[in-house]
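Enquirer: pasted the sequence and its predicted model underneath.
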Amino acid sequence: MSGARESVHGMWSGRFAFILAATGAAVGLGNIWKFPYIMGENGGGAFVLVYLLCIVLIGIPVMMSEVLIGRRGRQSPGLSVKTLAQEASASPRWQIAGWSGLVASYLILSFYAVVAGWALAYVIKTARGDFQGAGAEAIGAQFGAHLANPWVLMAWSAVILFVTVYVVGRGVHKGLEKAVNFLMPSLFVLLGIMAIYSATNGALGEAVAFMFTPDFSKLTINGVLLALGHAFFTLSLASGAMIIYGAYLPSNVSIAKTSMLIALVDTAVAMLAGLAIYPLVFQYGLTPAEGPGLIFVTLPIAFGSMPFGTFFGTLFFVMLVFAAFTSAIAMIESTVAWLVERKGLSRFTATAATGGSLWLLGLLTVFSFSGASWATFELTVFGKPITSFFEVVDYLTSAIMLPLGGLVIAVFTGWVMKKKITEEELQTSALMYGIWRFAIRWFTPVAVAIVFLHLIGVLDRLLRLLGL
Ligand code: TRP
């Protein structure tokens, strides 16, 4: 049925290409850079548990909804949702669900490219042996010096964006698909080697205890919101990607099965990344609550003193760059697709223009980390301190836009789209369909609403009113 509309951008060559590309979008800095440090900042085990629950109960159903929207709409996220809203005789306003995704991935990429740039710079530093025999202080100072120079950060993020533009400019089939075919298998091999190395040579027991023993006294409401937001972030949900990648998905592929597989691989990678990083953190007496610098200041210390450290260190950062890159191409794709559809630009011009503007927007992040006075400040949002433009963009996207966007997508596919159409698109067993529909109609909206009401203090007041 979905074959009724066609994508003007081309299609994946099949199920496997989609799985690689979507897994490439999902697996990224979120798994290897962000997950370990926010887990560390939020107390470990309890955070991991909430995060896993969010993936299963909310993430997978929302992913199915997005792929469904994309495949039926066959256009960039905003226009796909708009088309389906028309089909359901509903208000065209629902298209906000798609546009907010497009905007979120654009904003995310502005800082993502900068962080991917650090990873690229660290490939060279590690390969050159900069960390050999250097102590914790010297390595911390190196990272500080790296961040302090905005020119260097701008140059590296330009390299990342340039390659992204080159690959995405070549199109779905010749660009994106070709890149993920090579990068994803390499990433899995590299990660496997790293995890085996640190599990056998690091403090595995402590790492496992830290990651899997929940201590709820360490979890705050902001921690719950972060876990929820991160579940969306890591699966690339509510950021257009699954809609646009779904738009290139052949009609005969099972959305339910592939979504579960993608979520499973993404979660496995996050856990493996934790198990590759934390044994070294504990082995070398480093601190889990280090923040965004975690893997850049802790791991090089381990790489600098372990046998074959130059080799494993270089491997690690290469892997990080690969993971980031397959996400970057997914993040830019929605905007590019829209510019091609509606603004009549050629694919190449659209990509180059988007990449250039992203580089400029990325300056906010660059100057946040270099500590420019205009980019750093002190704000408190819902009890959480926010101290730079980077944190504003990060919090605005991950903690606010993604959960709310997911909520709208859930309501749209669960309550607004006709049941017959979602059934037709998902092509799954009655049981699976029933579970999906229940989750999307009730679970996601209620869970997101509760977290937000709590965050803005309404829930507490309500409970007090009820005498609870
Ligand atoms: N999932 C990516 C990661 O874990 C980050 C991400 C969020 C993303 N939204 C996206 C990637 C949209 C591609 C497209 O690193």
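Expert: Now that the structure is in, tell me what you want to look at.

Enquirer: from here on, just use CA atoms for contacts and neighbour counts.
Expert: Noted.

Enquirer: quick one: buried residues of stretch 182-197?
Expert: Leu183, Met184, Ser186, Leu187, Leu190, Leu191, Met194, Ala195 (16 or more other CA atoms under 10 Å).

Enquirer: what parts of the stretch 1-150 of the chain come near the ligand?
Expert: Neighbours of the ligand within the stretch 1-150 of the chain, by CA under 6 Å from any ligand atom: Ala25, Ala26, Val27, Gly28, Leu29, Gly30, Asn31, Ser105.

Enquirer: go with 8 Å
Expert: Residues of the stretch 1-150 of the chain lying near the ligand by CA under 8 Å from any ligand atom: 24-32, 34, 104-105, 108-109.

Enquirer: how distant is the helix or strand of the chain with the lowest mean pLDDT from the center of its chain?
Expert: Scoring the helices and strands of the chain by mean pLDDT, DSSP states H and E places helix 458-465 at the bottom, with a mean of 77. When C-alpha coordinates are averaged (CA atoms, centre = their mean, to the nearest Å), helix 458-465 and its chain have centres 33 Å apart.

Enquirer: same question, stretch 313-326
Expert: Using CA atoms, centre = their mean, the offset of stretch 313-326 from its chain centre is 15 Å.

Enquirer: over to stretch 317-336?
Expert: Worked out by CA atoms, centre = their mean, stretch 317-336 lies 10 Å from the chain centre.

Enquirer: pipe the buried residues of stretch 182-197 into CSV and attach pLDDT and distance to Ser100 per row.
Expert: Formatted as CSV, the buried residues of stretch 182-197 follow (pLDDT from 0 to 100; distance: CA to CA, whole Å):
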residue, pLDDT, distance to Ser100
Leu183, 87, 29
Met184, 85, 28
Ser186, 85, 32
Leu187, 85, 30
Leu190, 83, 34
Leu191, 85, 33
Met194, 81, 36
Ala195, 84, 36
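
Enquirer: just the ones in helices from those, please.
Expert: Leu183, Met184, Ser186, Leu187, Leu190, Leu191, Met194, Ala195 (DSSP state H).

Enquirer: in a markdown table: these, plus distance to Ser388.
Expert: Output for those, formatted as a markdown table (distance: CA to CA, whole Å):
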| residue | distance to Ser388 |
| --- | --- |
| Leu183 | 33 |
| Met184 | 33 |
| Ser186 | 35 |
| Leu187 | 32 |
| Leu190 | 33 |
| Leu191 | 32 |
| Met194 | 33 |
| Ala195 | 33 |
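
Enquirer: now for those, which pair is the farthest apart?
Expert: Within these, Leu183 and Ala195 form the most distant pair, 18.2 Å apart (CA to CA).

Enquirer: OK, contacts around Val165?
Expert: With contact set as CA atoms under 8 Å, 6 or more residues apart in numbering, Val165 has these partners: Ile329, Phe348, Thr351, Ala352, Gly355.

Enquirer: for Ser239, that is, sorry about that
Expert: Per CA under 8 Å, 6+ apart, neighbours of Ser239: Gly98, Ser100, Gly101, Leu102, Val103, Ala104, Ser105, Met331, Leu402, Gly405.

Enquirer: ok, now how distant is it from the ligand?
Expert: For Ser239, the distance to the ligand (CA to the nearest ligand atom, to the nearest Å) stands at 5 Å.

Enquirer: check what pLDDT that residue gets.
Expert: You'll see Ser239 listed with a pLDDT of 95.

Enquirer: before we move on, back to that, narrow the residues of the stretch 1-150 of the chain next to the ligand to those in strands?
Expert: Here DSSP state E is the test, and those give no hits in strands at all.

Enquirer: just the buried residues of these.
Expert: 24-32, 34, 104-105, 108-109.

Enquirer: format the residues you listed as a markdown table; extra columns: pLDDT and distance to Pro292.
Expert: Converted to a markdown table, those look like this (pLDDT from 0 to 100; distance: CA to CA, whole Å):
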| residue | pLDDT | distance to Pro292 |
| --- | --- | --- |
| Gly24 | 93 | 22 |
| Ala25 | 94 | 21 |
| Ala26 | 96 | 19 |
| Val27 | 94 | 18 |
| Gly28 | 93 | 15 |
| Leu29 | 93 | 11 |
| Gly30 | 93 | 11 |
| Asn31 | 93 | 13 |
| Ile32 | 91 | 11 |
| Lys34 | 90 | 7 |
| Ala104 | 97 | 20 |
| Ser105 | 96 | 19 |
| Ile108 | 96 | 15 |
| Leu109 | 97 | 16 |
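
Enquirer: out of those, the closest to Leu153 would be?
Expert: Checking these one by one against Leu153 (CA to CA), the nearest turns out to be Leu109, at 14.7 Å.

Enquirer: need the contact list for the closest one.
Expert: So Leu109 contacts Ala328, Met331, Ile332, Leu358 (CA under 8 Å, 6+ apart).

Enquirer: which SS state does Glu378 fall under?
Expert: With DSSP: H, G, I helix; E, B strand; the rest coil as the basis, the three-state label of Glu378 is strand.

Enquirer: give me the number of residues near it?
Expert: 9 (other CA atoms under 10 Å).

Enquirer: then Phe131?
Expert: 24.

Enquirer: next: Ala209.
Expert: By other CA under 10 Å, the burial measure for Ala209, its neighbour count, is 12.

Enquirer: now do the host helix or strand of it, average pLDDT.
Expert: Using DSSP states H and E, Ala209 maps to helix 204-212. What helix 204-212 shows for mean pLDDT is 92.

Enquirer: contact partners of that helix?
Expert: Here helix 204-212 has contacts from Gly44, Gly45, Ala46, Val48, Leu49, Ser198, Gly274, Leu275, Tyr278, Pro279, Phe282, using CA under 8 Å, 6+ apart.

Enquirer: one more time with 10 Å
Expert: With contacts defined as CA atoms under 10 Å, 6 or more residues apart in numbering, helix 204-212 is touched by 36, 39-40, 43-49, 198-199, 271, 274-283, 288.

Enquirer: where in this protein is pLDDT low?
Expert: Within the chain, the segments meeting pLDDT under 70 span 1-3, 468.

Enquirer: the strands in it, which residues?
Expert: 376-381, 384-388.

Enquirer: most packed of those strands?
Expert: Mean neighbour count (mean count of other CA atoms under 10 Å) peaks for strand 384-388 among these, with a mean of 15.

Enquirer: direction included, what does it pair against?
Expert: strand 376-381 (antiparallel) (DSSP bridges).

Enquirer: quick one: contacts for Leu465?
Expert: Neighbour list for Leu465: Leu459 [criterion: CA under 10 Å, 6+ apart].

Enquirer: how far away is it from Leu235?
Expert: 37 Å (CA to CA, to the nearest Å).

Enquirer: just Ala209 next, same as before
Expert: 25 Å.

Enquirer: likewise Thr23?
Expert: For Thr23 relative to Leu235 (CA to CA), the value is 8 Å.

Enquirer: the two: who's more crowded?
Expert: Leu235 (31 against 26).
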